[in-house]
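A.B. asks: let me see the structure of the following:
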Amino acid sequence: MSNSRHLPAAPTTSRDLAAASGVTAHWHDEHQIVYASRGVVAVHTETSRWIAPAHRALWIPSGAVHSHRAYGVTRLHFLGLTQNPLKLHEPTALAVSPLLRELLITYTELTDRETPAGKRMRAVLLDQLATASERPVRVPAAHDPRLAAVCATLETDPSDTRGLEALGREAGASGRTLTRLFRDEMGMTFPQWRTQVRLYHALRLLAEGQPVTAVALQCGFATASAFIDVFRRSLGHTPGSYL
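C.D. replies: Reported below is the predicted structural model:
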């Protein structure tokens, strides 16, 4: 992201993005919340990719270079913050409650936020953000070329069910070496990373209107029920709620 733009202020606004469109790499001097009330938004940083459906918002700290990509017709809401009420210094996905959802939508669409009512709404919004739990769908970037090769294979085809030994033979690394690299570079185990990749792709496909059963098979789940179970445990909702 070396060609990123510097946009000093993080705006508070809302906008629509067409399916498969995006916002090129940039960074702000202020913090920002990014929320998609419709569709799915992926945010890419220099170290990870995040994806946020309607039950997640993304926290982008000041100085973090990031870009946006829409999957499905997407309605985005941006909240700029000069302070850091969350005390977070890395991009993070946050759970969005029904109340927080309505506050983000309404506040970012206000034409005058300096009225007494607008200021009260902002105070409640900040209170809700401060208590929002972290619920990521995050895919860290690999640096070791052997690990990167394995990750690229599964990114291309998340339905690939091979284990690390088989994948490692193509990448020139043993299963033990790859296990260590996943732990050291990704901060997670191989099964945890593979689940994140599959959920990342699943959210993209669901936003494009594909049926649950087809998404389950394309993302490597043995059955639709297995996919629904993993989806619900990871995200707190069924995949049908995203259609």
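A.B. asks: just the element for the residue most central in space within the chain, please.
C.D. replies: The residue lying closest to the centre of the chain (C-alpha atoms, centre = their mean) is residue 51, at 2.1 Å. Following DSSP states H and E, one finds residue 51 within strand 48-52.
A.B. asks: measure residue 62 to residue 203 for me?
C.D. replies: Distance, residue 62 to residue 203, using C-beta to C-beta, to the nearest Å: 27 Å. Placement of C-beta: from N, CA and C, glycine included.
A.B. asks: average pLDDT across the strand holding residue 51?
C.D. replies: Averaged over strand 48-52, pLDDT sits at 89.
A.B. asks: could I get the CA-only coordinates of the next helix-or-strand element following it as PDB?
C.D. replies: Sequence order places strand 56-60 as the next helix or strand after strand 48-52, per DSSP H and E. Backbone C-alpha positions of strand 56-60 (Å, rounded to 0.1, in the frame of the first residue of the first chain) are rendered in PDB as follows:
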ATOM      1  CA  ARG A  56     -19.900  -6.200  12.800                       C
ATOM      2  CA  ALA A  57     -18.200  -2.800  12.600                       C
ATOM      3  CA  LEU A  58     -14.500  -2.200  12.100                       C
ATOM      4  CA  TRP A  59     -12.200   0.000  14.200                       C
ATOM      5  CA  ILE A  60      -9.500   1.700  12.200                       C
END
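A.B. asks: report the buried residues of the helix or strand that strand 56-60 is followed by.
C.D. replies: Next helix or strand after strand 56-60 toward the C-terminus (DSSP H and E): strand 66-81. Neighbour counts using 16 or more other C-beta atoms under 10 Å place 66-72, 74-81 of strand 66-81 among the buried residues.
A.B. asks: after strand 66-81, which helix or strand is next?
C.D. replies: strand 92-95.
A.B. asks: quick check: angle from whichever helix or strand comes after that next one to strand 66-81?
C.D. replies: Downstream of strand 92-95, the first helix or strand assigned by DSSP H and E is helix 98-108. Angle of helix 98-108 versus strand 66-81, following axes from the mean of the first three to the mean of the last three C-alpha atoms, to 10 degrees, is 90 degrees.
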